[in-house]
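> Everything below, folded, please.
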Amino acid sequence: MAAPDPGWIAAQRLASARAMRGACSATHLVRRREGFGWQVRPARGSVLASPRMASWDPEPDYFHHWIRDSAIVLRAVPLAMVADPGAHAFWLGFIADFVSFSLAISDPDRRGPPMNPLRATTRPGLEKFLRPDAELAALSGAAWLEEPRFGPDGSPDLEQWSRPQDDGPALRASSLMAVLDAVPQADSAAARALIARDLAHLARVAGRPCIGPWEEAPPRRSTFTLIVQWDALERAGQSAEAARLAALIDQAADPVSGGWRDSIEAAPGSLDAATCLAILHARRSAGPFALTAPRSRATVAGLEALFAQLYPINRGRNPPAIGRFARDVYFDGNPWYPTTLGFAELHYRIAALTGDAEAFAKAEGWLALIQSVAPIPGPLPEQFDRRTGAPTGCLDLAWSAAAFLEAAAARETALQAMAR
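Presented below is the predicted three-dimensional model:
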């Protein structure tokens, strides 16, 4: 298997830290959506899924603050502080701003607008994309915690979107707990209040059907969502609730692959790389959702075999580029940077835990694959073409930058562990 160039890793690490910073507290940017008469300037503490200003032409419009994506980015902030030491003060301030912004957008005393404020300025023919007035007017209390995304200025999402989504508060709580452990000087009463609010909401909704991580209907009990909920509750010491979820997740055991199906409702053999990302986020070394647990390994193996056959770019390639799921059609259903980098990170972490040289070699192969499709350090796209490896989808995804920082840090950990 090919190995990535250490010089490229170092350069891409710095580029990813700076790309991630460009999506955080981007108060210098102004987004004008001309067809809607809508102007947005991000607030301090917001995280843009992408700072790119696109309008599905064909690049998607990701100029929003997603709760899930922002939590994933937050988790990588301590790594960005190491990769770009000159930005340490920025990131320390950002953590506090993120907490304040998150408390504001989830304030239970907040009320949604009685009418969609874009209704009067939207061009004819675009009204179908507006969120219904009644849905906005009903926003109050815990409903704010069911929102998958907000305007980066803190306004409610004014467009049609799938909801409710329950992975965000779980990821935000666990990510913030991890960040406070890594950066103790960022601890505050406000941060603890945000964690408590997310956990209280999680206790109310954990285990119910909802929109999954890829935001596709219908609502179901996604294994990704259930595992990240379990992780947050278990980290917080809420063992009884965590045990209830673990028992529920057992219903997603897959008789075909021996791994985990993508949801409790899914047909046998239905696998999703998001399940592996949830296992990776939990980072357990023991138990049913450990990185090395039999069902974790079987899920990974099943997905590797699936994508090896599915993508033309994987012919003669080992390990294969990793996508989301078999029937993915979004932007033609390509390999994703966050999933391919996630598989690299997962195997680096397995190598660090076990000394498994084969796991390390596979991780190196995945990182070398990323180098082959993104050889010039810079912002990383969302996807690469299933045939040619060309960038596609969003061309500067904050999640991809965070995923690279996590994979590169896991590589260092593995190298250190295996040198002992």
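
> can we go C-alpha only for contacts and neighbour counts from here?
Noted.

> top helix in this structure by residue count?
Across the chain, the longest stretch assigned as helix under DSSP state H is helix 398-419.

> For the stretch 251-400 of the chain, just list every one of the strands.
Shown for the stretch 251-400 of the chain, the strands assigned by DSSP state E, counting those that start in this stretch span residues 383-384, 391-392.

> what's the closest of these to Ala15?
Proximity to Ala15 (CA to CA) singles out strand 391-392 among the strands of the stretch 251-400 of the chain, at 16.7 Å.

> Strand partners (parallel or antiparallel) of the closest one?
strand 383-384 (antiparallel) (DSSP bridges).

> Output the longest helix of the chain in CSV, but only the C-alpha positions, please.
Extracted C-alpha coordinates of helix 398-419, given in CSV (Å, rounded to 0.1, in the frame of the first residue of the first chain):
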residue,chain,number,x,y,z
ALA,A,398,-15.5,22.6,7.3
TRP,A,399,-16.3,18.9,8.2
SER,A,400,-13.6,17.7,5.8
ALA,A,401,-11.0,20.1,7.4
ALA,A,402,-11.9,18.8,10.8
ALA,A,403,-11.7,15.2,9.6
PHE,A,404,-8.2,15.7,8.2
LEU,A,405,-7.0,17.2,11.5
GLU,A,406,-8.4,14.2,13.4
ALA,A,407,-6.8,11.7,11.0
ALA,A,408,-3.4,13.4,11.1
ALA,A,409,-3.5,13.5,14.9
ALA,A,410,-4.5,9.9,15.1
ARG,A,411,-1.6,9.0,12.9
GLU,A,412,0.8,10.7,15.3
THR,A,413,-0.7,8.8,18.2
ALA,A,414,-0.3,5.5,16.3
LEU,A,415,3.3,6.2,15.4
GLN,A,416,4.2,7.0,19.0
ALA,A,417,2.4,4.0,20.3
MET,A,418,3.9,1.6,17.8
ALA,A,419,7.4,3.0,18.5
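
> I'd like the strands of the stretch 251-400 of the chain as CSV, with distance to Ala96 appended.
Listed next are the strands of the stretch 251-400 of the chain as CSV, based on distance: least, CA to CA, whole Å:
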stretch, distance to Ala96
strand 383-384, 31
strand 391-392, 34
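
> Packed most tightly, which of those strands would that be?
Mean neighbours per residue, mean count of other CA atoms under 10 Å, is largest over the strands of the stretch 251-400 of the chain for strand 383-384, with a mean of 27.

> What lies in contact with that one?
The contact list for strand 383-384 (CA atoms under 8 Å, 6 or more residues apart in numbering) reads 334-337, 373, 390-394.

> Same check on stretch 96-110?
Around stretch 96-110, the neighbours that count as contacts under CA under 8 Å, 6+ apart are 43-46, 139-145, 150, 154-156, 186, 190-191, 194.

> For these, which ChimeraX command selects only the ones that are buried?
A single ChimeraX command selects the buried members of the contacts of stretch 96-110 (16 or more other CA atoms under 10 Å):
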select :43,44,45,46,139,140,142,143,144,145,150,154,156,186,191,194
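
> Inside helices: which ones of the contacts of stretch 96-110?
Those of these lying in helices (DSSP H): 190-191, 194.

> nearest to Asp69, of the residues you listed?
Among the ones in helices among the contacts of stretch 96-110, and counting by CA to CA, the member closest to Asp69 is Leu194, at 16.9 Å.

> That closest one and Arg315: what is the separation?
Shown here: Leu194 relative to Arg315, a distance of 47 Å by CA to CA, to the nearest Å.

> I'm done for today, thanks for sticking with me.
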